[in-house]
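Novice: Can you look at this prediction? I've put the sequence above it.
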Amino acid sequence: MSKNMVADHAIRPVENDTIFTISAKASEAVEKYGPDKVINSSMGVLLEDNGDFVAFKSVYDYLESLEAPKIAAYASIEGDKDFLKAVKKACFKDHMPNAYIEAVATPGGSGAIHHSVFNYTNIGDTVITSSLYWDPYNTICLESGRKLDTYNMFNENGGLDIDAFKEKFNYYLTKQKRLLTIFNTPAHNPTGYSVSDEEWDEILVVLKEAAKDKDNKIIVLVDIAYIDFCDEKFNRRKFMEKFAGLDENILILIAFSASKGYTMYGLRNGALLCVTSKEEIAKEFFYTNLHSNRGTWSNGTKGAMRVLTDIINDENLGNNFIKERDHYVKMLRRRADVFLQKSEEVGLKLYPYKDGFFVCIPCKDPAKAADLLMEENVFVIPLQTGLRFALCAVGEEKCALAPKIIKEVLSKWDE
Ligand SMILES: Cc1ncc(COP(=O)(O)O)c(C=O)c1O
């Protein structure tokens with residue numbers, strides 16, 4: 001008989017989350033040696049070059065101006081009506097596919113991922129994603145009695161390994177007849193990779209071929225948590241138009257998060273959206289996820305929904321917000337540019353970076369490398385096959401210094 005008080009499915013390792021543990025160690029080092037001596041690239045939150053937390057003034061001034069009932073009242077279970085309209089605009093901007101689209105509010109992107117796993121796979125099913133991935137995908141699958149498997153992420157040309165994806169996809173679809181695939185793009189966590197429009201075409205060829213068997217249920221979740229930190233000039237939403245006119249047994253889900261794009265991390269605001277060519281499937285999506293909201297966290301954060309809605313709909317508020325966010329998109333780009341340039345100078349290899357909060361350094365023993373780097377007061381996150389460096393949390397000057405330190409540590413034993 002089990003000695004645990006928790007039920008069998010709820011037995012978990014008695015340890016803290018890696019990111020929060022490393023971040024606590026970085027804070028201790030700051031106390032001991034001073035902030036100038038420490039490079040803390042552990043947390044995926046945006047900080048100023050001087051280390052101050054970035055909370056958009058345009059968001060928080062407006063939140064503070066709201067009358068209490070606009071924050072304190074319950075939101076509708078599925079999300080307030082005008083929020084659901086606004087979030088569609090915020091998600092697709094000028095690239096709304098010509099299809100049936102519905103949305104349900106969730107607490108951040110995490111809630112959207114939870115509902116996708118829970119409502120679109122059967123208990124015991126396997127969900128697939130790329131070999132480098134955000135670890136909570138695994139936690140969310142385990143939480144719901146599902147499993148996660150991966151395919152090799154990059155081919156030798158530094159592009160998405162479509163062949164590896166196709167093999168895993170066909171394997172599980174044949175076995176399960178229903179498969180949820182998660183793509184975290186653009187600005188993938190942890191590599192910063194963005195799937196190109198041409199690669200999306202190739203993915204869609206694989207999906208459409210599989211959709212010829214009408215017993216197959218093909219569900220693709222696009223996790224766009226970092227999309228709003230892609231520079232507009234790269235047009236990173238264009239792929240969304242490709243989701244028009246798909247077979248009825250292909251369902252596209254999109255996990256929208258206001259955590260990064262609106263600096264609402266702690267306000268827990270987001271949505272799950274669907275794109276389908278069949279009206280009944282959109283309706284089914286709406287009611288299933290509405291009931292799931294009721295059965296999990298009930299309703300979302302009303303004040304956060306109000307702020308996002310008004311930013312999207314009010315020209316003045318919206319313009320101020322866009323101007324402010326743009327300043328930080330550029331700040332992040334400068335950090336990425338200098339990190340990439342210095343890495344090239346010292347010969348530090350990186351996984352292909354395109355946009356966003358993180359870069360990732362391939363490495364054979366990430367846990368050991370992260371430990372050794374801590375001795376140099378550089379705090380990175382060890383992941384499946386690499387070290388994640390959070391550009392979002394490190395000022396430009398330190399982004400220029402870090403590649404040399406990392407290269408020196410890795411050269412001693414990892415190459
Ligand atoms: C890849 C990825 N997806 C989704 C999320 C969801 O975040 P939230 O639940 O705060 O919106 C995060 C946050 O770190 C993330 O890194």
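Specialist: Alright, I've got the coordinates.
Novice: With adjacent residues omitted, what lies nearest to Gly356?
Specialist: Ala187 (2.7 Å; C-beta to C-beta, 6 or more residues apart in numbering). Any C-beta I mention is one placed from the backbone N, CA and C, and that applies to glycine too.
Novice: meant to ask about Asp247
Specialist: Ala211 (3.9 Å).
Novice: one step back: what is the burial count for the residue nearest to Gly356?
Specialist: Look at Ala187: counted by other C-beta atoms under 10 Å, it has 26 neighbours.
Novice: For it, give me its contacts.
Specialist: Contacts of Ala187 were listed using C-beta atoms under 8 Å, 6 or more residues apart in numbering, and they are Tyr193, Ser194, Tyr226, Ile227, Phe229, Cys230, Arg236, Lys354, Asp355, Gly356, Phe357.
Novice: Could you rerun that using 10 Å?
Specialist: Residues counted as contacts of Ala187 (C-beta atoms under 10 Å, 6 or more residues apart in numbering) are 193-194, 224-230, 234, 236, 260, 332, 353-358.
Novice: Around Ala367, how many other residues sit close by?
Specialist: With other C-beta under 10 Å as criterion, Ala367 counts 12.
Novice: Return the residues in contact with it.
Specialist: Thr18, Pro382, Leu383, Leu387.
Novice: what helix or strand is it on?
Specialist: helix 366-375 (DSSP states H and E).
Novice: which other residues reach the very next helix or strand once past that helix?
Specialist: Beyond helix 366-375 on the C-terminal side, the first helix or strand identified by DSSP H and E is strand 378-379. Contact partners of strand 378-379, identified using C-beta under 10 Å, 6+ apart, comprise 22-27, 29-30, 38-43, 370, 372-373, 387, 389-390, 393-394, 398, 401-402, 405-406, 409.
Novice: One more pass at 8 Å, please.
Specialist: Residues outside strand 378-379 that contact it (C-beta under 8 Å, 6+ apart) are 22-23, 25-26, 29, 38-42, 370, 373, 402, 405-406, 409.
Novice: again, but for stretch 91-99
Specialist: Taking C-beta under 8 Å, 6+ apart as the rule, stretch 91-99 contacts 88, 101, 103, 224, 237-246, 254, 256, 271, 273, 275-277.
Novice: between the contacts of Ala367, which has the most around it?
Specialist: Leu387 (26 neighbours).
Novice: Tell me what that one is bridged to.
Specialist: Bridge pairing for Leu387 (DSSP bridges) gives the partners Ile361, Pro382.
Novice: where do the strands sit along the stretch 301-415 of the chain?
Specialist: 358-362, 378-379, 381-382, 386-390 (DSSP state E, counting those that start in this stretch).
Novice: how far is the second one from where the chain is centred?
Specialist: For strand 378-379, the gap between its own C-alpha mean and the chain's C-alpha mean amounts to 22 Å (C-alpha atoms, centre = their mean, to the nearest Å).
Novice: One more: the last one?
Specialist: Averaging C-alpha positions (C-alpha atoms, centre = their mean) puts strand 386-390 15 Å from its chain's average.
Novice: got the domain boundaries for the chain?
Specialist: When the chain is parsed with automatic domain parsing, its domains come out as 8-56+318-413, 71-314.
Novice: Which of those has the highest mean neighbour count?
Specialist: Sort these by mean neighbour count, taking mean count of other C-beta atoms under 10 Å, and domain 71-314 sits at the top with a mean of 19.
Novice: Does that one reach the ligand?
Specialist: Yes. On the criterion C-beta under 6 Å from any ligand atom, domain 71-314 is in touch with the ligand at Gly108, Gly109, Ser110, Trp134, Asn184, Asn189, Asp223, Ala225, Ser257, Ser259, Tyr265, Gly270.
Novice: measure the fourth one to Lys37 for me?
Specialist: Yep, that's Trp134 we're talking about. 30 Å (C-beta to C-beta, to the nearest Å).
Novice: what secondary structure does Phe183 sit in?
Specialist: Three-state assignment for Phe183 (DSSP: H, G, I helix; E, B strand; the rest coil): strand.
Novice: er, Tyr62 actually
Specialist: Applying three-state DSSP: Tyr62 is helix.
Novice: In three-state terms, label Asn50 for me.
Specialist: Asn50 is classified as coil under three-state DSSP.
Novice: Nearest spatial neighbour of it, chain-adjacent residues omitted?
Specialist: Gly395 (6.8 Å).
Novice: Contacts only, for that neighbour.
Specialist: Per C-beta under 8 Å, 6+ apart, neighbours of Gly395: Leu47, Glu48, Asp49, Asn50, Gly51, Arg335.
Novice: Over to Pro107?
Specialist: Pro107 makes contacts with Arg268, Asn269, Gly270, Trp297, Gly300, Thr301, as judged by C-beta under 8 Å, 6+ apart.
Novice: Could you export these to a markdown table, including columns for pLDDT and secondary structure?
Specialist: A markdown table is the format used below for these (pLDDT from 0 to 100; DSSP: H, G, I helix; E, B strand; the rest coil):
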| residue | pLDDT | secondary structure |
| --- | --- | --- |
| Arg268 | 97 | coil |
| Asn269 | 98 | coil |
| Gly270 | 98 | strand |
| Trp297 | 97 | coil |
| Gly300 | 96 | coil |
| Thr301 | 98 | coil |
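Novice: Can you tell me which of those is nearest the ligand?
Specialist: Distance to the ligand across those (C-beta to the nearest ligand atom) is lowest for Gly270, with 4.9 Å.
Novice: Look up the residues forming beta bridges with that closest one.
Specialist: Here Gly270 sits in beta bridges with Thr106, Ser257, as judged by DSSP bridges.
Novice: these two touch, right, it and Gly261?
Specialist: No. In this structure, Gly270 is not within contact of Gly261 by C-beta atoms under 8 Å, at 9.9 Å.
Novice: Please report how far Val38 lies from the ligand.
Specialist: From Val38 across to the ligand, the span is 22 Å (C-beta to the nearest ligand atom, to the nearest Å).
Novice: Surely that residue is in contact with Asn377?
Specialist: Yes. If you go by C-beta under 8 Å, Val38 and Asn377 touch, sitting 4.7 Å apart.
Novice: between these two, what contacts are shared?
Specialist: Ala29.
Novice: Smallest gap between this structure and the ligand, at which residue?
Specialist: Counting by C-beta to the nearest ligand atom, the chain gets nearest to the ligand through Gly108 (2.7 Å).
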